[in-house]
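Fold the following and give me the result.
(one chain, ligands or ions: 1)
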Amino acid sequence: MNLINEEHTYMLQTYKRQNLVLARAKDKYVWDSRGKKYLDFFSGISVSNVGHCNPRVVAAIRRQAGKLIHVSNHYYVEQQVQFAAELVNASFPGQVFLSSSGAEANECAIKLARKRGHPGGRYEIISFINSFHGRTLATLSATGQMKFHKGFEPLVPKFRFAPFNDLAAAKKLITGKTAAIIVEPVQGEGGVNPASREFLKGLRALCDRHDMLLIFDEIQTGMGRTGTLFAYQQYGVTPDIMTLAKSLAGGLPLGATLVAKKLQHIFTYGDHGSTFGGNPVACAAAREVLKILTPAFLAKSRATGAYFRHGLEALVRRYPCIKEVRGRGLMLGMELDFPGKDIVQFCLERGLIINCTQDRVLRFLPSLTVTRHDVDTALKILEDAWQTSKK
Ligand code: PLP
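Residues are numbered from 1 along each chain as shown. Okay, the predicted model is just below:
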């Protein structure tokens, strides 16, 4: 069987995939079906933050799978409650809704903001240009990239978009009908754009002044990716709602919408639900992920991130075609003045998996377990890519 041909025959063609079949993974490495080993600096788009098939996560999954894989949310589920308590204790006081993906976590946040605004006729939500919030209809509508909207109009109404990091522009969009602002502390798909501290602080102040909700989409930035457990902790700005998914359960599907205490009463019985949301095996894995992400683990990942950034900045100084390096922790991007796809391909051939977003931004999202030695390996391959392309 030729797997790639079969995929083209039997699967809807929504992904333009690399010509590569990935067969297994361990920590920061993946192997293709021919046995070639790659250093993975993409981590399934920031999913395997604690490393692929982390042995502690695998053990937790095994234990839970032998005990209880699924029951309906019509009943109480121990792993859900324990995980929710641990998540709240690790962030801010409130309550959690558990789902299975990032888009669902954001859908829940959007629904909650709508429900809260409903009595006052407030349903508009301010979002930002180049944001990414998911592919369901409401989260697509919240996404500030028109290329994803094309062909799916009419969208869910009343999302309005301001340029990222432009507080004055966001302020201008506020009307008597604005219910919330949704923002990624570091835009991921949009090109690894960190929010400035003044911007997030300013959004917090606007939300407080106009009684709007501040929603942080930490689906990509959460779980240690930016060097702290959650990115908001570095900004000193606490949102009213935080959404999480991706690396939350170490590779199993799990989404979480964490809602501040003052909003706990907005949803009542029947307002929201999900068959798989808070699956016990995913929750058991997520509990283990939280245990792995200790302050010492995060400090080490921050140091590796700083080392990597330093190495990337040295490349910027040597090659004029590299415009800048940006990001936080181990979420780093490098903007080029030419399309990055050939560099991605070169790296792949040399056994390094990286990604390019927005056509010209190389995006690096290694597992947080990478070492300086791994970073040196990646930097050497990148250097060779430039030498070869003679840019
Ligand atoms: N929000 C952000 C910031 C993301 O990066 C993503 C996925 O890339 C999503 C939402 C959507 O998550 P999912 O693909 O799990 O629905």
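
Return the backbone torsion pair for the residue in the stretch 1-150 of the chain positioned nearest to the ligand.
The minimum distance from the stretch 1-150 of the chain to the ligand, using CB to the nearest ligand atom, falls at Gly102 (2.2 Å). C-betas here are computed from N, CA, C, even on glycine. The phi and psi values for Gly102, taken as degrees, to the nearest 10, are phi -70, psi -40.

and if you look at Gln82?
phi -60, psi -40.

now Gly94
phi 170, psi -160.

I'd assumed Leu258 was in contact with it.
Yes: the pair Gly94 / Leu258 is scored as a contact, 5.6 Å apart, by CB atoms under 8 Å.

contacts for the lengthiest helix in the chain?
Scanning the chain for the longest helix, with DSSP state H as the assignment, gives helix 295-318. For helix 295-318, the external contacting residues (CB atoms under 8 Å, 6 or more residues apart in numbering) are 224, 227-229, 322-325, 327-330, 332, 334, 364, 366, 368-372, 375-376, 378-379, 382-383, 386.

and those residues near the ligand, which?
Among those, none lies close to the ligand by the criterion of CB under 6 Å from any ligand atom.

Quick check: strands, which of those are part of them?
Counting by DSSP state E, those place 322-325, 327-328, 332, 334, 364 in strands.

Looking at these, which is nearest Glu349?
Relative to Glu349, the closest of these is Phe364; by CB to CB it sits at 17.6 Å.

and the closest one, how far is that from Leu382?
Applying CB to CB, to the nearest Å, the value for Phe364 to Leu382 is 9 Å.

still on that earlier bit, let me have the ones in strands among the contacts of helix 295-318 in TSV, adding distance to Ile45 and neighbour count as columns.
Listed next are the ones in strands among the contacts of helix 295-318 as TSV, based on distance: CB to CB, whole Å; neighbours: other CB atoms under 10 Å:
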residue	distance to Ile45	neighbour count
Ile322	23	21
Lys323	23	13
Glu324	22	12
Val325	20	21
Gly327	15	26
Arg328	17	22
Leu332	14	22
Met334	17	26
Phe364	12	26
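
so where is the chain shaky, pLDDT-wise?
The chain contains residues with pLDDT under 70 at 1, 390-391.

got a list of what Ile292 touches?
Counting by CB under 8 Å, 6+ apart, Ile292 has contacts 50, 54, 56-57.

Next: Pro194.
185-187, 326-328.

So in terms of bridging, what pairs with it?
When assigned by DSSP bridges, Pro194 has beta-bridge partners Val186.

Quick check: it vs the ligand, distance?
Distance from Pro194 to the ligand, counting by CB to the nearest ligand atom, to the nearest Å: 13 Å.

ok, now how distant is the residue nearest the centre of the chain from Arg328?
Against the mean C-alpha coordinate of the chain, by CA atoms, centre = their mean, the closest residue is Gln220 at 1.3 Å. From Gln220 across to Arg328, the span is 11 Å (CB to CB).
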